[in-house]
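In: Next input, structure requested:
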Amino acid sequence: MEMIIDFPGGARVDAHFGGFTVKTDQPPQGGGEASAPTPFALFLASLGTCAGIYVLGFCRQRGLPTEGIRILQRMGQNPETGKLDRVDLDIQLPAGFPEKYQEALIRAASQCAVKKQLDNPPTIQVVTSIQG
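Out: Numbers count the residues shown, from 1 in each chain. Predicted coordinates for the structure are as follows:
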């Protein structure tokens with residue numbers, strides 16, 4: 001997979017891939033206009049939405065309704081470093097959701113590809129190249 005990252009103006013940075021454009025911006029205190037989520041917010045959202053895809057797939061495979069199911073994602077920061085040190089995903093189920101599926105639902109959400117990448121992060125190499 002290849003993405004093209006460009007700079008459409010201000011503090012905005014966009015990613016283009018597979019016919020999609022993912023827009024990001026910074027809040028005003030970071031020099032932006034808050035016209036789109038920050039890249040870090042998108043990173044966090046990718047974790048919750050990925051887990052959601054696995055929850056959705058689990059329910060669909062078993063003919064379970066997804067109405068009333070949601071995932072509440074909470075993040076915790078290390079007070080000394082200010083860095084993210086915890087992400088909690090609370091799969092909130094409606095009354096009457098079969099208890100026998102609850103542990104399996106947790107296991108399914110834990111299979112999320114984004115989570116697995118965080119468990120074993122890739123090496124990230126940054127280089128420059130002159131075009132033209």
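In: From the centroid of the protein, which residue is nearest?
Out: Note on the chain: the residue nearest the mean C-alpha position is Ser46, at 1.3 Å, using CA atoms, centre = their mean.
In: mind checking which helix or strand it is in?
Out: helix 39-62 (DSSP states H and E).
In: Tell me the buried residues in the host helix or strand of Leu118?
Out: Here Leu118 sits within helix 113-119, counting by DSSP H and E. Using 16 or more other CB atoms under 10 Å as the test for burial, helix 113-119 gives 114-115. Every C-beta, even on glycine, is put in place using the N, C-alpha and C of the backbone.
In: Distance from the chain centre to that helix, please.
Out: 10 Å (CA atoms, centre = their mean, to the nearest Å).
In: Then stretch 8-19?
Out: Stretch 8-19 has its average C-alpha position 18 Å from the chain's average C-alpha position, going by CA atoms, centre = their mean.
In: Give me the contacts around the worst-scoring helix or strand of the chain on mean pLDDT.
Out: One helix or strand of the chain scores below all others by mean pLDDT, DSSP states H and E: helix 113-119, with a mean of 94. For helix 113-119, contacts defined as CB atoms under 8 Å, 6 or more residues apart in numbering pick out 46-47, 50-51.
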